[in-house]
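Peer 1: how does the following fold in three dimensions:
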Amino acid sequence: MKQIIRTLVPAVAAAGLLMAAGVAEAQCVSKAGQGTGSTVDNAKFQAWEAVLQATDWGSWAGFMSSGMKVGTAPGYKVSNVKSRCKPGGLGQECVMQATLCK
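Peer 2: Reported below is the predicted structural model:
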């Protein structure tokens with residue numbers, strides 16, 4: 001009986017770690033948004049708003065009521081922020097992409 005327990009405990013622990021890793025991964029999302037504005041900064045702001053709205057309206061509301069710094073998302077760790085801008089729309093069009101993790 002002790003041998004069975006010695007074998008099962010590490011196996012159950014390893015399975016638990018794998019499940020926890022899967023849950024941690026599931027807490028991250030990659031999103032992109034497009035925006036337009038008269039300047040690159042305005043277009044990036046609009047694109048970032050689209051990213052937040054596609055992710056979590058609560059985070060967007062927090063963003064709007066706090067510093068409104070592009071690349072931040074209240075309640076999330078933001079990484080891999082990328083942007084591409086070109087002339088168009090109201091003057092500039094930007095696409096922003098990022099990974100957001102809870």
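
Peer 1: every contact and neighbour count from this point should use C-alpha atoms.
Peer 2: Noted.

Peer 1: and the helices in the chain, which stretches?
Peer 2: Using DSSP state H, the helices found in the chain span residues 2-26, 40-55, 57-65.

Peer 1: what's the least confident stretch among the ones you listed?
Peer 2: Lowest mean pLDDT of the helices of the chain: helix 2-26, a mean of 48.

Peer 1: retrieve the pLDDT associated with the residue nearest to residue 98 when sequence neighbours are not counted.
Peer 2: Of all residues not flanking residue 98 in the chain, residue 81 sits nearest, at 4.3 Å (C-alpha to C-alpha, 6 or more residues apart in numbering). Residue 81 carries a pLDDT score of 98 in this model.

Peer 1: give me every residue that touches residue 81.
Peer 2: 71, 96-99 (C-alpha atoms under 8 Å, 6 or more residues apart in numbering).

Peer 1: from those, pick the one nearest residue 43.
Peer 2: Distance to residue 43, by C-alpha to C-alpha, is smallest for residue 96 among the contacts of residue 81, at 9.5 Å.

Peer 1: how about the contacts made by the closest residue to that closest one other than its chain neighbours?
Peer 2: Excluding the flanking residues, the one nearest residue 96 by C-alpha to C-alpha, 6+ apart is residue 83, at 4.3 Å. If you count contacts by C-alpha under 8 Å, 6+ apart, residue 83 has them with 44, 94-97.
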